[in-house]
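Participant: sequence? don't have it. structure:
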């Protein structure tokens with residue numbers, strides 16, 4: 001905490017450094033409701049919103065992930081933080097609030113909060129203003145992953161979002177499906193993800209390919225293996241999509257089929273916060289695939 005908190009609070013630090021420091025502390029203090037870390041993240045958000053353009057782009061969303069990880073599965077302790085987030089008037093504030101709320105109620109199966117997240121998805125907004133809706137879709141997946149019937153009902157809701165939702169909503173659906181079915185390759189889910197992996201929008205397709213890997217992680221599922229081989233041939237000339245297919249294949253064969261990334265145990269009654277927290281960071285990075293990797297691509301291109 002001594003090393004990382006100054007990086008969050010110091011507005012002279014780049015937004016990438018501060019955001020990743022927030023995620024790191026979120027993972028270290030996952031589910032602890034640590035007040036000191038929460039105050040540091042809230043403080044820097046309030047200070048940075050006063051500077052024009054400081055909270056624009058992809059990276060500020062990760063402050064919400066770091067803050068949400070502190071309250072993962074701690075719905076009784078999150079009220080004060082949600083109230084404090086109302087002070088952030090920048091559009092990213094809504095994304096952060098929904099992220100924190102989704103993580104606090106993760107694995108709870110709370111129907112009222114699933115409905116609240118669905119309510120956020122009903123507005124038809126311009127793409128620039130609809131970032132928070134992606135967090136709401138992901139929130140549905142996280143809240144509903146706790147029990148079988150709620151998960152099935154949420155599956156229907158996500159299907160409606162695919163049919164009638166705007167593009168930012170559709171991009172989040174594959175990731176939400178993966179979070180509800182980690183290392184659990186159900187036939188219907190695989191079929192949906194397989195269709196989305198050929199979507200006209202590249203973000204939807206890439207998210208679906210990664211989700212196929214997460215859904216089948218460590219299972220050696222033969223049907224998924226066949227679909228990923230077909231995708232490798234289909235995307236042979238698209239380096240980004242092919243790279244994602246290779247990641248998905250690696251996840252599928254993880255530990256030669258003897259490992260799992262499913263963070264729940266005791267018939268979904270208990271959750272491993274460390275495993276779930278790590279997967280949530282990947283899920284939010286996958287919502288911003290192109291923008292998250294752009295900087296690293298530029299850095300790597302300078303090396304032979």
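Facilitator: Received it, and whenever you're ready, just let me know what you need. These figures come from a predicted structure and were not determined experimentally.

Participant: So what's the residue count around residue 103?
Facilitator: For residue 103, the count of nearby residues is 33 (other CB atoms under 10 Å). For glycine as for every other residue, the C-beta is placed from the backbone atoms N, C-alpha and C.

Participant: separation between the residue lying closest to it once chain neighbours are set aside and residue 30?
Facilitator: Once flanking residues are discounted, residue 103 sits nearest to residue 68: 3.5 Å by CB to CB, 6 or more residues apart in numbering. Taking CB to CB, to the nearest Å as the measure, residue 68 falls 10 Å from residue 30.

Participant: More neighbours: which of those two?
Facilitator: Between residue 68 and residue 30, counting by other CB under 10 Å, residue 68 is the more crowded of the two (31 against 23).

Participant: Just to check, the more buried one is in contact with residue 27?
Facilitator: No - taking CB atoms under 8 Å as the definition, residue 68 is not a contact partner of residue 27, at 11.2 Å.

Participant: for the stretch 201-304 of the chain, what spans make up the strands?
Facilitator: In the stretch 201-304 of the chain, strands defined by DSSP state E, counting those that start in this stretch lie at 264-265, 270-271, listed in chain order.

Participant: which residues sit in contact with residue 209?
Facilitator: The contact partners of residue 209, by CB atoms under 8 Å, 6 or more residues apart in numbering, come to 197, 228, 231, 241, 244-245, 248.

Participant: ok, and what's touching stretch 21-34?
Facilitator: Outside stretch 21-34, the residues that reach it (CB under 8 Å, 6+ apart) are 1, 4-5, 7-8, 13, 37, 40-41, 44, 62-63, 65-74, 77-78, 273-274, 277-278, 281.

Participant: cutoff 7 Å now
Facilitator: Contacts of stretch 21-34 with the rest of the structure, by CB atoms under 7 Å, 6 or more residues apart in numbering, involve 1, 4, 7-8, 37, 41, 62-63, 65-67, 69-74, 77, 273-274, 277-278, 281.

Participant: for stretch 157-164, same thing?
Facilitator: Contacts to stretch 157-164, defined as CB under 7 Å, 6+ apart, come from residues 118, 121, 137, 140, 169-170, 173, 176-177.

Participant: circling back to that earlier point, could you tell me which of the contacts of stretch 21-34 belong to helices?
Facilitator: Within the contacts of stretch 21-34, residues falling in helices by DSSP state H are 7-8, 37, 41, 62-63, 65-67, 69-70, 273-274, 277-278, 281.

Participant: Buried members of the residues you listed into PyMOL, please.
Facilitator: Buried members of the ones in helices among the contacts of stretch 21-34, defined by 16 or more other CB atoms under 10 Å, are picked up in PyMOL with:
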select buried, resi 7+8+37+41+62+63+65+66+67+69+70+273+277+278+281
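
Participant: Run through the helices of the stretch 151-300 of the chain in chain order.
Facilitator: Counting by DSSP state H, counting those that start in this stretch, the stretch 151-300 of the chain has helices at residues 167-180, 187-196, 202-215, 222-234, 239-252, 273-287, 289-301.

Participant: Against which helices or strands is the fifth one packed?
Facilitator: When you say that, I think you mean helix 239-252. helix 202-215, helix 222-234 (3 or more CB pairs under 7 Å, 6 or more residues apart in numbering; DSSP states H and E).

Participant: Quick one: distance of stretch 58-70 to the chain centre.
Facilitator: Distance, stretch centre to chain centre, for stretch 58-70: 10 Å (CA atoms, centre = their mean, to the nearest Å).

Participant: got it, and stretch 173-180?
Facilitator: 9 Å.

Participant: Show me what that stretch is in contact with.
Facilitator: Stretch 173-180 is contacted from outside by 137-138, 140-142, 144-145, 151, 154, 158, 161-162, 189, 192-193, 196, 204, 207-208, 211, 214-215, 283, 286-287, using CB under 7 Å, 6+ apart.

Participant: Okay, now the unreliable bits of the stretch 151-300 of the chain?
Facilitator: Applying pLDDT under 70 to the stretch 151-300 of the chain picks out residues 292-300.
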